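*Asks:* Okay, structure incoming, though there's no sequence with it:
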């Protein structure tokens, strides 16, 4: 039976999607992620994406647990401990008599499996409990393999040749599967068992268990992902790994802000979002970084990391600091056409797989995004405003200035005042904005725009970025630079109105093509011009009205392009789908221009959608079909879930509706015309402003406004409400 959900007095069918059997259970820790089926197995299916991956290589491609040669029956499975632990409950099917043992009735044995990722290792605990009345024997058997396939192969890329599978090593308690890559790195999958199996061979380990009534038997399987130039982690027990993981998870939560509301379903959504962000965040030498999403984007992405950090900045600014530090450390220093790099440009993505190391793909360090660089500037200023961390600003100030210089020299190569892109790498991305699928920028008749392309939202990012650096320049004692940047931003805003506004479609054109002709396509990109503040006030109101009209607003959110235009398809990746992070930025822009009610409508629609997704987890995107009575939103089939900027979207939308702004240097918390949607009666925010001076607030919704009670505050904190 399909899952049904009640909203108000109405019942809805859960999100139209693949069956539960096809939805993988996901775990991630640092550079390692895993996807299992609901049994906790990794099935050999083609094409299959399940497996244990480390640095974009699949180290474990098959794992299956059987009892007397057959698959157990599934009782239930869930990801617990804030996304750290996958727990599966199984039982035996009817088992015929064997080797003098009488037949074993279904459900006599309970098989508990728990899986945990920790430090490049998948730790598994299996507990078999006998609930029958007579002694019995069973054979529990693992089959396993590691194919060492590159993630880009899993995604469908073909390779002319691959590395070499080397002879396995079989020992009494473990099997080691080695692979010599074309990048001259040795990768090994070490599969260790405790206790010693009855029989062990390449790809198979069997345990003959003798079980008395009421007893239980414990087995442990440890899968280690080993690379020759990485330190080999010690072989530790499952219990030690679980304890260390829990301690690290508690420490990562730190003393940052927490949010609780009157609505338990909202709390589930927020808690899931926090857990997803915690799981996706990897501790790099430069600090924490939110990897973009599982499975396809479990690595550092510049744009994704920046937007995630901006959405989550008011809750936990340490994420922003980690993002800024990493992107500063990896900023391009030289011209490299093969990676679309120029001096000062900020990273698009970085990969560590075999295909990246051999140059079969250009993404070892790839710089093909036009917006990461101005967004880096926006985040730098927002972080300093939020924290007052001038000491850190001084360490990245040279990087900030280099990024600003890239905008003026390389980003605006033809000197027309707008930042454009045109790929230089043969294997790089054709489209280099956030909508980076090949068919996302086109003309009114559907013809693709020719490069170099100037996107409307990118000009807004540049506008906001220049103002941001002007603020930072004042703090760094460079008033002349600040003055120049303010003047440049003002001129850009004027020229933008003339070049991008399209009266024919009532919004900004999605882009200018290489001939400076408008791409007259109504798109959600225009909503980002509200977020950056480059939109004129009169244009902003028309943009909001259009985005909340039927052509854009599906009832579940704003589509990436309007219905009825060329290339519109609600099932496409960027031409008609709905992206939570896109809606969060638009909601923030709406509130910026005084349309907080519209921002609340987006928050309400996104919350309603969250109810239909597994574990209240917003995916990367979903289809743009109109909301239908009695049905939930339709899943996009290969969307990443979890996805960092989708998880952080809830907090970005809340920030917009509350009009929240934190000035650390003035120790001031500002709420501008705060509003709460009808499904939230009150919201309690604890340690708002942490890790610096903070306050605890209780916001109560009334018919026309929101009452604010300062429950606690540090002595030097000022809370200001602007009506």
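*Replies:* Yep, it's here. The shown structure was predicted, so the numbers you read here are calculated from the model rather than taken from an experiment.

*Asks:* give me the element residue 684 is part of.
*Replies:* Residue 684 belongs to strand 682-688 when assigned by DSSP states H and E.

*Asks:* And that strand, what does it pack against?
*Replies:* Packing partners of strand 682-688 (3 or more Cβ pairs under 8 Å, 6 or more residues apart in numbering; DSSP states H and E): strand 258-261, strand 695-701. Yep, even glycine has a C-beta here, placed from its N, CA and C like the rest.

*Asks:* which residues touch the very next helix or strand once past the first one?
*Replies:* The reference is to strand 258-261. Note on strand 258-261: by DSSP H and E, the next helix or strand toward the C-terminus is helix 264-280. Contacts with helix 264-280, where a contact means Cβ atoms under 8 Å, 6 or more residues apart in numbering, come from 27-29, 82-84, 249, 252-253, 259-261, 290-294, 298, 308, 312, 319, 607, 610-611, 615-618, 642, 644, 647-651, 679-680.

*Asks:* what's the answer for stretch 681-696, then?
*Replies:* Under Cβ under 8 Å, 6+ apart, the answer for stretch 681-696 is 254-263, 314, 317-318, 387-388, 654, 662, 664, 667, 669, 676, 697-701, 710-714, 716-717, 719.

*Asks:* What segments of the stretch 101-250 of the chain are helices?
*Replies:* 151-154, 238-253 (DSSP state H, counting those that start in this stretch).

*Asks:* Need the winner for burial among these.
*Replies:* Among the helices of the stretch 101-250 of the chain, ranked by average contacts under mean count of other Cβ atoms under 10 Å, first place goes to helix 151-154 (a mean of 22).

*Asks:* Show the average pLDDT along it.
*Replies:* Helix 151-154 shows a mean pLDDT of 92.

*Asks:* other SSEs contacting that helix?
*Replies:* Packed next to helix 151-154, using 3+ Cβ pairs under 8 Å, 6+ apart, are strand 57-60.

*Asks:* got the contact list for the helix or strand just after the strand it packs on?
*Replies:* Sequence-wise, the next helix or strand downstream of strand 57-60 (DSSP H and E) is strand 62-67. Strand 62-67 has contacts (Cβ under 8 Å, 6+ apart) with 39-44, 71-72, 92-93, 95, 109, 111, 113, 126, 138-145, 147, 203, 223.

*Asks:* circling back: please tabulate the helices and strands packed on strand 682-688 in TSV, including the columns mean neighbour count, distance to residue 723 and mean pLDDT.
*Replies:* Shown next, in TSV, are these (neighbours: other Cβ atoms under 10 Å; distance: least, Cβ to Cβ, whole Å; pLDDT from 0 to 100):
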stretch	mean neighbour count	distance to residue 723	mean pLDDT
strand 258-261	18	23	97
strand 695-701	19	14	97
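
*Asks:* shaky segments in this structure?
*Replies:* The model of the chain has pLDDT under 70 over residues 1-22, 46-47, 81-82, 254.

*Asks:* Tell me how far the closest residue to residue 364 other than its chain neighbours lies from residue 365.
*Replies:* Closest residue in space to residue 364, ignoring its immediate chain neighbours: residue 356 at 4.1 Å, by Cβ to Cβ, 6 or more residues apart in numbering. Here residue 356 is placed at a distance of 9 Å from residue 365 (Cβ to Cβ, to the nearest Å).

*Asks:* can you check residue 709 too?
*Replies:* From residue 709 to residue 365 the distance is 50 Å (Cβ to Cβ).

*Asks:* Look at those two and report which has more neighbours.
*Replies:* residue 365 (17 against 12; other Cβ atoms under 10 Å).

*Asks:* thinking the more buried one is in contact with residue 330, fair?
*Replies:* Yes. Applying Cβ atoms under 8 Å, one finds residue 365 in contact with residue 330, separated by 6.5 Å.

*Asks:* Now the common contact residues for these two.
*Replies:* Contacts common to residue 365 and residue 330, judged by Cβ under 8 Å, 6+ apart, are 347, 350.

*Asks:* For the closest residue to residue 612 other than its chain neighbours, what are phi and psi?
*Replies:* Once flanking residues are discounted, residue 612 sits nearest to residue 632: 3.4 Å by Cβ to Cβ, 6+ apart. With angles defined as degrees, to the nearest 10, residue 632 sits at phi -90, psi -180.
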